[in-house]
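In: Let's see this in three dimensions:
(chains A and B)
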Amino acid sequence: MPTTFYGKWSLDVTGNILEFAQRVRIQGSLNADGDLAASVGAQIAEIDGAAWQVFLERSGDGGATWQENLVQRIPTVTPQNGWTVTLYGDDSVVPPQDSDVTVQFVYLDPLVNPHPSPPPYNFTLPPGSFWPQRPPPLCECCCKAPCCCRPRAPKGKRLVCC
Amino acid sequence: MTIPQSQLAPWTRKHDKPGVPLVAQAPVILFPQSLEDLIQLCATRPAGQRLHAAGSHWALSTAAVSDHAFIETHDFNEVFPAMGRTLFDVVPGCLSDAFLVSLNAPSLAAGTPGYFVHFESGKRIYQLYAELDVGDSQNPQSLCVLMQNRFGNNAFTGSWGFATLGGAGGQTVVGALSTGTHGGDFDRPPVADEVMALHVVADGGKHFWIERSHRDGTPFTDEAKLRAFYGQARFGGPKNFEVIYNDAVWRAAIMQVGRFGVVYSAVLRVVPQYGLREQLVLSDWESVRGKIADPTSDLFTPLGQETPHRFLQIAINPIPSTNGTTHLAGIMKRWTLPVDQVQLSPMPPVGWGGGRNVAGRPERVGDIVVPLDPTLNAPRFSMAGTGVPWSPDDSGITSFSLLDSACADGNFMDGVVSGIYTEIENFLGNNAVAIGGGLAGAIAAGLGPGILALAPFLLALLAFLALFLNALRNSGSTMGQALNNLRNGLLGSSDPSQRAAGILVWRAIAAEAFKSQQSPHDYNAISYAIMDGHNYDDISCTVNVRSVEVFFDAADPNLIAFVDRLLQFEIDQEFQSGKSVVGYISLRFCQPSQGLIAPEAFPRTVAVECSGLADEAGSTEFVDFAVALAQDPNIKGVLHWGQQNNSSQAEIEFRFGDLPASPDGPLHDWRAVLGALTDNGRLDGFSSQFTRRAGLEVVQPLIDAFSVASAPSAGNPNCTLAWDCRNNPAGTIVSLEIVSPAAGVTSAPGLALQGTHTFSASQPGTYVAVLRASLTRNGETRHATQALQIAGV
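Out: Sure, this is the predicted structure:
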């Protein structure tokens, strides 16, 4: 089964255990139809089209014939790229991390996936700077702790301590 | 018969910005009082003036907006009487004998014994749950008393309750079910699926009683009795009323977004009154998100010998903690409890009885103060639709809707901001933070200078916080406006370090606010007191709300990525533009509805609600981003009909089917029912800008008749063709093409919907005449064609 994408994406082959010859076949796009040898690092900067399909295919006979892999589609969000879809292909059912070939797609639509920017500051403190909490102060309305004096519902003014 | 109306008056929704009506001058707002009124309105609608029913005005969607006239089933201002009666003509008057017998001796296979209530469409949820709690034993017209008198059966004398509900009780019951409103009861479908029958008045004035088919051989109602009652002359006579027992029609009608007509009444199945235990624990989104796809995880399945729960809500603080790596999440579960195990209320018991004085009953329903209130057309209860949400300490903080509960406590923001002020002071004094505090929650352990580098900027913010607290105590601004001032003071600086310090403080405040609203608890009360978490005292806090709800299959990995992408958006907008959302993301779960266009379309449906106060810069952006994300075809979220929903026809067809290339699926069936009730769209009185944009319209034209009216003969070669395409939506175009035996083509475009055409069939051989009806909506054109063969002479 092909995986359908809509709109503009980039492609990056991020894994291939070299058990088979692997290729990525793209169909129905405006600008990137065809086959791409799925070697790690192979990229397509931009694939566009209203709706286009991706096939992950393997060959056990040196490229004479190609079979479709079983594909798992896993969307994730990364601080670097935002909405990312990873396709994991294998000749059998395996956990994604054990797949024969891994292809990552990053959504390039700025409306729904504006490019994230890494936070310019780290809100951190050395581990020794976290102190146990002090006992809460006694409550004005009932001389107990913890204190969260609230007006009694529905419209009463009397404060109650929880 | 004169139906009260107002002209050129403003029309607004409950959650719109005060003083800025959504429709500044509604041409007509009508206030019908009865079925006869509705029939009259629909039968005498002036051409070109469209109608739309309005109930409580709680919808956040433009689906509630009419092109022209609003039919108010429950006057928003409570000046004119509501169509809020509980009815007894059908239940029990027209129930079939077979059904009554089966009700008297329910089989074990039938499951939980139920009861049935028939009511007009202007009745609000809180009104009905109050009436159900009182029960029918004292009402001689009721099904309960009939069962006692006829069978000696006392099983129906108790209190009753909704099987499930959304999170508030202010909507009309019919409005809630027509738009797919749901709760978080993951073991059952939404309330629409409890509908036994709907009574709909369509454009033209014809009215329809719609039930499921009777496959099990036990009809709910007796058709002859229904026809005898609703076929009376005052309702337009027997030809003006139709009874439909059909699953597809029922599935279309229970969720029809006002397009089929105005619902006059509904019959709902209700269940014996029960209690609910509610438990809330605080966690974080990053710890629980991995469990959602797994129905056997402890989110859904009890641990060990624990009783199975029925409800799950995950409320997420969109403003991050732990240096932007985690997000606080309140995990709420509910269990059904027998009423006799519900704790007792400390309030005086209600005067109408009801047995044990269970918690929530005096507080959320109260006494009957007017047995038949002329404005409600129903009993008025002292506490129904009033007051703050029930909670054991009367604080009104039930943690169901964060905005609601925050508004219930006037000192809420003051306390939170004051606490953070003290924490900053302490940090500046000793370069350390207290575990469990807001500042500690916002930061993570790590090496490097971290927030120590921000100390001078935090010091500057103390002065601002002091000024803010002073203003807060002396101003009458909405909560959204106050928080917008706070956000602007903290995040508004163009200096990156100053803004970073502000973001840290903002996050600390947000975390403390969220924790105070989602504080762990474990309590129980009567069903409606737990389910209706709305603060009815709030008239200024949760106004100008932006909200969207997006539905996914709980097993769809897009769900988790959708939430994660929203959370990433919030981080980005804090740093990039100094904006931030004041709101929440909440996930609630339910089973699929049988409604054809129900957004609860998945075996394990999860509804992701994203809400924010629009007065606060960043909330609107956050909700709009959620909408854009949901509508993206790669993500394919389904939007709630009753909340922000600007879906196009193509987007709706992509989700519910009936694309031009594949005319099938649930939307196709829904449109077929719409066509059946409206002469294939000719009667378009309940069409609106919303339904036309979203494609909730008839899209497929029909040719009712196409024939040879006068065949050619030896002495007269003229052939006259006749057609009738009147039963089609406005805009349908008819054309005719005649191909002669010699392959000559004659075209007649732009014909009337009904007419005749004469041509000379003077060539020997066969003529082929093709009639085509075409309809274009939102750029999609569909055709109907019929062909005739005519022998020439």
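In: which residues in the stretch 251-400 of chain B form strands?
Out: Assigned by DSSP state E, counting those that start in this stretch, the strands in the stretch 251-400 of chain B fall at B:262-272, B:275-284, B:311-316, B:328-337, B:368-373, B:378-381.
In: phi, psi of the closest residue to chain A within chain B?
Out: Nearest residue of chain B to chain A, counting by CB to the nearest CB: B:Gly446, 3.1 Å away. All C-beta spots, glycine's among them, are computed from the backbone N, C-alpha and C. Main-chain torsions, B:Gly446, degrees, to the nearest 10: phi -170, psi 170.
In: ok, it touching A:Thr124?
Out: Yes: the criterion here is CB atoms under 8 Å, and B:Gly446 meets it with A:Thr124 at 3.1 Å.
In: Could you tell me which residues touch both of these two?
Out: B:Asn323 (CB atoms under 8 Å, 6 or more residues apart in numbering or on different chains).
In: Looking at the strands of the stretch 251-400 of chain B, spot the one closest to B:Ala748.
Out: Proximity to B:Ala748 (CB to CB) singles out strand B:262-272 among the strands of the stretch 251-400 of chain B, at 40.0 Å.
In: give the contact list for the nearest residue to B:Pro729 once chain neighbours are set aside.
Out: In space, and not counting its chain neighbours, B:Pro729 is closest to B:Gly681: 3.6 Å by CB to CB, 6 or more residues apart in numbering or on different chains. Applying CB under 8 Å, 6+ apart, one finds that B:Gly681 lies in contact with B:Leu674, B:Gly675, B:Glu697, B:Val698, B:Asn727, B:Asn728, B:Pro729.
In: And B:Ile703, by the same measure?
Out: Applying CB under 8 Å, 6+ apart, we find B:Ile703 in contact with B:Trp723, B:Asp724, B:Cys725, B:Leu771, B:Ala773, B:Ala784, B:Thr785, B:Gln786.
In: Same check on B:Thr73?
Out: Going by CB under 8 Å, 6+ apart, B:Thr73 touches B:Pro32, B:Ala53, B:Ala54, B:Gly55, B:Ala82, B:Met83, B:Glu120, B:Ser121, B:Gly122, B:Thr172, B:Val174, B:Val262.
In: can you rerun that using 7 Å?
Out: Residues in contact with B:Thr73 (CB atoms under 7 Å, 6 or more residues apart in numbering or on different chains) are B:Ala53, B:Gly55, B:Ala82, B:Met83, B:Ser121, B:Gly122, B:Thr172.
In: These in strands, which ones?
Out: B:Ala53 (DSSP state E).
In: do you know how far A:Pro2 is from B:Leu41?
Out: Distance from A:Pro2 to B:Leu41, counting by CB to CB, to the nearest Å: 52 Å.
In: Tell me which of the two has more neighbours.
Out: More crowded of A:Pro2 and B:Leu41, by other CB atoms under 10 Å in any protein chain shown: B:Leu41, with 22 against 15.
In: re earlier: report the two of the contacts of B:Gly681 separated the most.
Out: Spatially, the most separated pair among these is B:Glu697 and B:Asn727, at 14.3 Å (CB to CB).
In: Quickly list what residue 54 is bridged to.
Out: Assuming you mean chain A. A:Thr3, A:Ile26 (DSSP bridges).
In: was after chain B, sorry
Out: When assigned by DSSP bridges, B:Ala54 has beta-bridge partners B:Glu72.
In: now swap in B:Cys590 and tell me
Out: Beta-bridge pairing of B:Cys590 under DSSP bridges involves B:Thr605.
In: I figured it hits B:Pro189, correct?
Out: Yes: counting by CB atoms under 7 Å, B:Pro189 is a contact partner of B:Cys590 at 6.3 Å.
In: Name the residue in those two with the higher neighbour count.
Out: Neighbour count, other CB under 10 Å: between B:Cys590 and B:Pro189, B:Cys590 has more, with 27 against 20.
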